[in-house]
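[1] compute the structure for the input listed below.
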Amino acid sequence: MPRAGGKLSDILPPIWGKISDNLPCLYIISSNYLIFVTKLKAMIRRKLFDNLLAHLLKKEFSIITGARQTGKSTLLKQMGDYCKQMDIPVVFLNLENKTILAELNENPLNLLKFMPESNKKTVALIDEIQYLNDPSNFLKLLYDEHSEQIKIIATGSSAFYIDTQFKDSLAGRKKIFQLFTCSFDEYLDLSGKSHLREEKDLLLKNVEYKSTLIDYLRVEWESYMIYGGYPAIVTEPDREEKISRLKEIRDSFVKRDILESGVVNDLAFYNLFRVIANQTGSMVNVNELSSTLRIKNETVDSFLTIMQKCFHIALIKPFYRNLRKELVKMPKVFLLDTGLRNCLLNNFQQLAERTDKGELWENAVFRLLADNIGTDAIQFWRTSAGNEVDFVLSDFGVSKAFEVKYDNNQVKINKYKLFTETYPEIPLQFVWFNPFDYDFFRRISFNINN
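    Presented below is the predicted three-dimensional model:
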């Protein structure tokens, strides 16, 4: 074992060596891999951190939402560390602590008891705010009476509770930030492969660049598609342990969503979730789902709403404008993490062996778009005759459309003539996975704002 402050690469696997010696000084007291991972997770900041930082000086309160286990609490603690470094008064309150929760439920102004003595504005970091009896009134009262003294940054695991318990719209008093599971860039950083992210960025910037690490990038991209982006999965190096932890998320944390949402028939909920996972990229037909699972249409609708509000799925609406036969109602469904999708299907096969690689690739492209613009701005186009374009983005200065194919040999431009003639102002771009070449990351960069 190296001496304290010695090189990390002396004890870590070779793949860690390139990035580990450039990290801020880490004093090694054990060669246990988990020590390194814990410190790495504490240092790596998610992209959303910068957005929260930019909002720190704003009067509005900041609310961080997202699925359980996506890293909201870690993000909140990193904000706390930043405040301490910048000499900003800060307090961290976890509402899973029943004593603290009781105090704040008794009177929102009891928050002032936890504030440090200071003549500066204090940042109150509140984890799991949905556990309050009336989070809407809590935030409204403190904003209206004490926003000059307090800036609240809060997390909430389920939008279901934020929607139903935030009775007041809180318009002008809050800004909501959604934290997804890790993007591919965050996946590379958090798994200790920042050198591959830098290599990817070189490929993006220089059309002529030929990377000697392209095969490594493909391996990591396939792993990202198969196991997803939950931080605990990303930082786990062992394949079997990744699968075990995904099953824990599926069986334990999703179950908490079910219980806290008041679902009585949890078996029917899980069955619907598995059917949805198997139908990613397909249109949601409530009548068919109801018949297949032998539950009421209203129950299917309720379960789908809960899955959305708990940030497990997204339903995207059809794009229509000109043709009578364009579909206008039935949405398409995607999961917000491909690892959870594969876990629900119990399928962790490599891409080359999968029969659903096309569906998995389309779901991965959806997540890429969601990372860029959120889920609400993504639509699809389809006619009653079956003409379809996978994704249409029309709420920007320049509208764009994307058709997703696993293999570029599947691209048949003439199949999309009806769309291109009906909407000549919307350029159609094809996005394929195979071959995974030097242009891959340029294909999936989308250039949405250009």
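[2] going forward, measure contacts and count neighbours with C-alpha atoms only.
    Noted.
[3] next, residue 127: phi, psi?
    Note on residue 127: its backbone torsions stand at phi -90, psi 130 [degrees, to the nearest 10].
[4] how far away is residue 398 from residue 404?
    20 Å (C-alpha to C-alpha, to the nearest Å).
[5] give me the more crowded residue out of those two.
    residue 404 (23 against 13; other C-alpha atoms under 10 Å).
[6] just the element for the residue nearest to residue 93 when sequence neighbours are not counted, please.
    Using C-alpha to C-alpha, 6 or more residues apart in numbering and skipping the chain neighbours, the partner closest in space to residue 93 is residue 126 (4.9 Å). Using DSSP states H and E, residue 126 sits within strand 122-127.
[7] go on, residue 201?
    Applying DSSP H and E, one finds residue 201 within helix 194-205.
[8] so after that helix, what's the next helix or strand?
    Assigned by DSSP H and E, the successor of helix 194-205 is helix 214-227.
[9] show me what that following helix is packed against.
    Judged by 3 or more C-alpha pairs under 8 Å, 6 or more residues apart in numbering; DSSP states H and E, the packing partners of helix 214-227 are helix 184-190, helix 194-205, helix 239-248, helix 338-345, helix 357-373.
[10] could you say which of the ones you listed is packed most deeply?
    For the helices and strands packed on helix 214-227, the largest average neighbour count (mean count of other C-alpha atoms under 10 Å) is found in helix 338-345, namely a mean of 24.
[11] what's it in contact with?
    Contact with helix 338-345 is made by 224-229, 243, 246-247, 250, 273-274, 277-278, 335, 348, 360, 363-364, as judged by C-alpha atoms under 8 Å, 6 or more residues apart in numbering.
[12] try stretch 295-313
    66-67, 157-160, 257, 261, 268-269, 272, 286-287, 289-290, 314-315, 333-337.
[13] just the CA trace of it, in PDB.
    Extracted in PDB, the C-alpha atoms of stretch 295-313 (Å, rounded to 0.1, in the frame of the first residue of the first chain):
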ATOM      1  CA  ILE A 295     -57.700  -4.100 -14.600                       C
ATOM      2  CA  LYS A 296     -59.900  -1.100 -15.200                       C
ATOM      3  CA  ASN A 297     -59.000   1.600 -17.600                       C
ATOM      4  CA  GLU A 298     -59.000   4.100 -14.800                       C
ATOM      5  CA  THR A 299     -56.500   1.900 -12.900                       C
ATOM      6  CA  VAL A 300     -54.200   1.900 -15.900                       C
ATOM      7  CA  ASP A 301     -54.400   5.600 -16.200                       C
ATOM      8  CA  SER A 302     -53.700   6.100 -12.400                       C
ATOM      9  CA  PHE A 303     -50.700   3.700 -12.500                       C
ATOM     10  CA  LEU A 304     -49.300   5.500 -15.500                       C
ATOM     11  CA  THR A 305     -49.700   8.900 -13.800                       C
ATOM     12  CA  ILE A 306     -47.800   7.500 -10.700                       C
ATOM     13  CA  MET A 307     -45.000   6.200 -12.900                       C
ATOM     14  CA  GLN A 308     -44.700   9.600 -14.500                       C
ATOM     15  CA  LYS A 309     -44.900  11.500 -11.200                       C
ATOM     16  CA  CYS A 310     -42.200   9.300  -9.700                       C
ATOM     17  CA  PHE A 311     -39.900  10.000 -12.700                       C
ATOM     18  CA  HIS A 312     -39.800   6.400 -14.000                       C
ATOM     19  CA  ILE A 313     -41.500   6.900 -17.400                       C
END
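[14] so how far is that stretch off the chain centroid?
    In terms of C-alpha atoms, centre = their mean, to the nearest Å, the centre of stretch 295-313 is found 19 Å from the chain centre.
[15] show me which positions of it end up buried.
    297, 299-300, 303-313 (16 or more other C-alpha atoms under 10 Å).
[16] same question for stretch 141-160.
    142-143, 147, 149-160.
[17] report the distance from it to the chain centre.
    Centroid displacement of stretch 141-160 relative to its chain, using C-alpha atoms, centre = their mean, is 23 Å.
[18] now do stretch 381-395
    The answer for stretch 381-395 is 24 Å, by C-alpha atoms, centre = their mean.
[19] ok, stretch 225-241 next?
    For stretch 225-241 - counting by C-alpha atoms, centre = their mean - the centre lies 14 Å from the chain centre.
[20] what mean pLDDT does that stretch have?
    Mean pLDDT, computed over stretch 225-241, is 97.
[21] before we move on, what about stretch 113-125?
    94.
[22] that stretch spans what distance, first to last residue?
    Terminal residues of stretch 113-125 lie 14 Å apart, using C-alpha to C-alpha.
[23] how about stretch 48-67: buried residues?
    48-49, 52, 56, 59-67.
[24] tabulate those residues (CSV), appending pLDDT.
    Output for the buried residues of stretch 48-67, formatted as CSV (pLDDT from 0 to 100):
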residue, pLDDT
48, 96
49, 97
52, 97
56, 96
59, 95
60, 96
61, 97
62, 97
63, 95
64, 96
65, 94
66, 94
67, 94
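[25] still on that earlier bit, which other residues reach the helix holding residue 201?
    Here helix 194-205 has contacts from 18-19, 185, 188-189, 209-211, 213, 216-217, 438-439, 441-442, using C-alpha under 8 Å, 6+ apart.
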